[in-house]
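Novice: predicted model, plus sequence, below.
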Amino acid sequence: MLGCPNYQLLSLVLILLLITVDPSSQESRVKSGVFLSPAFVLEPGSVSNKFYFNIGFPKGHIAIKNFDAEVVDEAGNAVPLYETYLHHWVVIRYYNRKGVEVTKYHDDLGFHQSDFIVKRNSGICGGGLSQYFGLGSETRKTITYVPDPYGIEVGNPVEVPPGYEEKWLLNVHAIDTRGAEDRLGCTECRCDLYNVTKDEHDRVIEPDYIGGLRCCYDETRCRVKDGFQGSRRSLYLKYTVKYIDWEASIVPVKIYILDITDTWKKPEKSTATVSRHHCQIEYLVESCSSAVANVDCTHTKKIIVTFPSGGDVIYGVAHQHTGGTGWTCHMLISSNLWGRKGTRK
């Protein structure tokens, strides 16, 4: 969900809580690192959408097997979604020039500055969606395990440009919905509830832009019920990384992020692929007529994309907001069978 906006950025190192080797899993060589983000402070109706550079992360040439995250309070207790809505979190891999401290993201230069180079995933969306890991409100209890013999390869010194070092960046977008006048409207970033007319770039928000990321940026506030009192509190993103040391027997996997708002259309009678697509990240779902029964009010959207190369699908998960009922992913395989063209779905 990262649209590369000019949010406030913080150069704070995450607190390393624990790096252990589980005795019960020593045979499988799986190690586990548990980390906390810097605190983000929320009160009823408030929004935090900050970036944290150089976060705590396992070092060395490794294969990541699992990445889990959740929002917790100062006591380490899980925070329910009906109190703090985790709109999204993303973790981005980047190369930082040695001896140079990157403290903020400059929107006019993007993520490709001379001192700061993003190592994108292998996906086909240009601009945003460059993260390696990230989900939203569905984070808790979502399985992200990469099965054997596969692993997500990171920390390979051969891939790091000379004079740079590999680091990681975290973006957490959280909305405090305690006492909200319209909790659902707050989580879906309805502009009228945030009382904003301009986005974080000081651009006027068009009247037909009903809601989205442009209205719930960092330090904005959603409307709460009159007289509601709630305390300020410090929260954290707790994330757990499971990994093994890299070895030749591991099969490296590539991460592809697809976006249902991808505007790319395959030209007729063309087999060419486009390296980067325009992905809008969000779009407006039109309302149904009041005469339509709820059970019949279903919006369906689909896309067809072409990957630059073939391979096996090892794992897949969808990121949806409230109201989403499900997703399916089909692989279309074109082949010649007995001299005739055929397509298998």
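Specialist: Nice, I can see it. Residues are numbered from 1 along each chain as shown.
Novice: pLDDT at Y105, what is it?
Specialist: Y105 carries a pLDDT value of 54.
Novice: again but with P5, I slipped
Specialist: As predicted, P5 sits at a pLDDT of 34.
Novice: for W264, same thing?
Specialist: W264 is given a pLDDT of 64.
Novice: likewise for the one 5 residues further on?
Specialist: We note a pLDDT of 59 for K269 in this prediction.
Novice: who touches the spatially closest residue to L81 that is not a sequence neighbour in this structure?
Specialist: Spatially, and ignoring its direct neighbours in sequence, L81 is nearest to S137 (5.5 Å; Cβ to Cβ, 6 or more residues apart in numbering). No exception for glycine: its C-beta is placed from N, CA and C like everyone else's. Taking Cβ atoms under 8 Å, 6 or more residues apart in numbering, we find S137 in contact with L81, Y85, L86, H87, T187, H321, T322.
Novice: rerun at 7 Å
Specialist: Residues counted as contacts of S137 (Cβ atoms under 7 Å, 6 or more residues apart in numbering) are L81, Y85, L86.
Novice: secondary structure class for it?
Specialist: What DSSP: H, G, I helix; E, B strand; the rest coil gives for S137 is coil.
Novice: my guess is V146 contacts G316. True?
Specialist: No - at 11.6 Å, V146 does not count as touching G316 under the criterion of Cβ atoms under 7 Å.
Novice: more neighbours: the two, which one.
Specialist: Between V146 and G316, V146 has the larger neighbour count (other Cβ atoms under 10 Å), namely 20 against 9.
Novice: nearest spatial neighbour of that one, skipping sequence neighbours?
Specialist: Closest residue to V146 apart from its sequence neighbours, by Cβ to Cβ, 6+ apart: K65 at 5.2 Å.
Novice: assumed that neighbour was part of a helix.
Specialist: No - using three-state DSSP, the assignment for K65 is strand, not a helix.
Novice: residue numbering should commence at 4 henceforth.
Specialist: Yep, numbering from 4; the last one is K68 now.
Novice: hmm, T147 and it touching each other?
Specialist: No - counting by Cβ under 7 Å, K68 does not reach T147; the two are 9.0 Å apart.
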